[in-house]
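**Q** Okay, predicted coordinates and the sequence, questions at the end:
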Amino acid sequence: MTANSQASRNADCQVRGITTSRYDHARSDLQFLLNNEPSYRIDQLWQGLYGDLADPCDITTLPAALRGKLAEQLPEALSEEHRSTSDCGETIKWVWRLADGSLIETVLMHYEDRSTVCVSSQAGCAMACGFCATGQMGFDRHLSTGEMVEQVVRAQRASGNRRVSNVVFMGMGEPLANYARTWAAVERIHGALGLSARHLTISTVGLAPGIKRLSEESLPVNLAVSLHAANDRLRDDLVPANRRWPLATLARACAHHAATTGRRLSFEWALMHDVNDTLRDAAELADYARPLAAHVNLIPLNPTPGWPTRGSSPNRVREFAAELVNRGINATVRLTRGLEIDAACGQLRASLSTVDIGTARSEAPPSLPE
C-alpha cells in the first residue's frame, strides 16, 4: 500500500471518529509502517500479531527499538470495561470501550467440542427490532475491520489452550449494513487467524441485497437469517426491515445464496408467547423453510427490559419443534447460554450500572442498500 492510500485509510477512520488500530492494517499496509526496514520484518510482525497473538512489544523477533515504535503505531482498539462469566465459567461476556468512547459487547461460549465467539459488527443497531436489546438502544456507529478482528483475538487469548473454532457475527449490529468492513474482517479471520469458512457465520435480519452480494464472495460462509415470522403482516411488526425486503424477496436472495455457495441456510426463530409460537406459526414457517431446505434454530425469547412479551414455555417450545419435524423441517432447540449475565441472544446492549454510556450518537443511522 502506498503512503497516499494509507493516509486515505487513516483519514476515513478520523472522519468517522475511529482511531486506526492494531488489526485494521492489512498485510500490505505494514510496508508503510516498516519503511526502511528489511522486508522480512513484515513476516515477523504478521506472525507476531496473528500467529502468536502477541502485543508488538512482545514480538521478540523484532529489535527492541522497533517494538517500542510499533507499540505506539499499533494501539489496541478494545479497552476492557467489564467482564462477567456464567455457566461455570464456560460463557464469558466482555463490555469493551472503544477509542471514541462507544461501547460494544462480545460473548465467548465454550462447549465440549468447540468454542464459539459472538462478535459485534456495530455499536448499537438501526434495525429497530423491538424485542432485541441492541435494537432498543439505537444506532451509534459501524465498527472498523480491526475492531471486529480484535474481538476474536482477545477471545482466543482468554481461551488459553482451547482454540476458538467458530466465529458468529451475531453480536450487536447488523453485519450486512456494515458490509465492506465486515467482509474484510471475515477475510482476515479466515486468512490470518486460520478459521475455515465453514466455521464462520454471518447473521442478518434479511437485507436481501447484502445476501446476494455475500453469495458472490470467494469464501462460502454460513448465512443465518433472523426470521421470527413467516407472514409479512407479523414480520413487518417484529422485524421492520421486512417492510423493505418482504418475505418473497428474502426467499429469492436466500435461494441464490444456498445455490451459489452450497451452504445450508439457517433460520433463527425467537419463540414469543402467543405471538409466533402457535401451531399455525409453525405451519407457516415449515412452508417457507421447506423450499429453501433451511434448518431452523429455535430459542425462547430472552427477556429484555424494553419488550413486554415473555418467551414461550418449555411445553410450547416442544410442541412447536415437533410440529416442524412432523412437517419435514430440520429443527434444533438451542441451549440458552449466559442468560443471567445478559449475554444470551437478543440481550446485548452494552449497558452496566457502573458504565456511563451517555446518549450521544457519533453518526446518523446508515442508509440501507438498494
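**A** All right, it came through fine. Residues are numbered from 1 along each chain as shown.
**Q** Now Cys129: closest residue in space, sequence neighbours ignored.
**A** Closest residue to Cys129 apart from its sequence neighbours, by CB to CB, 6 or more residues apart in numbering: Gly135 at 4.2 Å. From N, CA and C alone the C-beta is placed, and that goes for glycine too.
**Q** So which residues of the protein form strands?
**A** Taking DSSP state E, the strands of the chain run over residues 79-86, 91-97, 103-110, 115-118, 122-124, 139-142, 166-169, 200-204, 222-226, 266-271, 295-300, 331-333.
**Q** Buried residues in the first one, which are they?
**A** It refers to strand 79-86. By neighbour count on 16 or more other CB atoms under 10 Å, the buried set for strand 79-86 is 81-82, 84, 86.
**Q** can you put these in TSV and add pLDDT?
**A** Below are the buried residues of strand 79-86 laid out as TSV (pLDDT from 0 to 100):
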residue	pLDDT
Glu81	95
His82	93
Ser84	91
Ser86	84
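**Q** between these, which is closest to Phe139?
**A** Distance to Phe139, by CB to CB, is smallest for Glu81 among those, at 19.9 Å.
**Q** quick one: that closest one from Ser120, how far?
**A** In this view, Glu81 and Ser120 are 13 Å apart by CB to CB, to the nearest Å.
**Q** Poorly predicted segments of the chain, please.
**A** The chain contains residues with pLDDT under 70 at 1-19, 303-308, 336-370.
**Q** Show me the domain layout of it.
**A** Structurally, the chain divides into domains by automatic domain parsing as follows: 3-73, 79-341.
**Q** any idea which of those domains is most buried?
**A** Highest mean neighbour count of the domains of the chain: domain 79-341, a mean of 19 (counted as mean count of other CB atoms under 10 Å).
**Q** so how far is it off the chain centroid?
**A** In terms of CA atoms, centre = their mean, to the nearest Å, the centre of domain 79-341 is set 7 Å apart from its chain centre.
**Q** Also stretch 62-81?
**A** With CA atoms, centre = their mean, you get 26 Å for stretch 62-81.
**Q** Just the endpoints, please. Distance across it?
**A** Start-to-end span of stretch 62-81 (CA to CA, to the nearest Å) is 31 Å.
**Q** contacts for it?
**A** Under the criterion CB atoms under 8 Å, 6 or more residues apart in numbering, residues 19, 21-25, 33-34, 37, 41, 44-45, 48-49, 55-59, 94-99, 103, 144, 146-147, 150-151, 154, 352, 355 lie in contact with stretch 62-81.
**Q** just stretch 37-48 next, same as before
**A** Outside stretch 37-48, the residues that reach it (CB under 8 Å, 6+ apart) are 27, 30-31, 34, 54, 56, 58-59, 61-62, 66, 70, 192.
**Q** Pull up the gap between Val168 and Arg114, please.
**A** From Val168 to Arg114 the distance is 11 Å (CB to CB).
**Q** again but with Glu217, I slipped
**A** 24 Å.
**Q** How much space separates the residue of the chain most remote from its centre from Ile42?
**A** What lies farthest from the middle of the chain is Asn36; by CA atoms, centre = their mean that is 37.8 Å. When distance is defined by CB to CB, Asn36 is 13 Å away from Ile42.
**Q** Ala229 now?
**A** From Ala229 across to Ile42, the span is 50 Å (CB to CB).
**Q** Then Arg141?
**A** Distance check for Arg141 against Ile42: by CB to CB, it reads 31 Å.
**Q** what's the answer for Leu279, then?
**A** 60 Å.
**Q** One more: Gly124?
**A** For Gly124 relative to Ile42 (CB to CB), the value is 36 Å.
**Q** Could you do Ala289 as well?
**A** Ala289 is 47 Å from Ile42, by CB to CB.
**Q** Check Thr134 too.
**A** Using CB to CB, Thr134 is found at 38 Å from Ile42.
**Q** for Leu214, same thing?
**A** Counting by CB to CB, the gap from Leu214 to Ile42 is 30 Å.
**Q** Likewise for Met272?
**A** 52 Å.
**Q** and what of Ile59?
**A** 12 Å.
**Q** try Ser21
**A** Counting by CB to CB, the gap from Ser21 to Ile42 is 18 Å.
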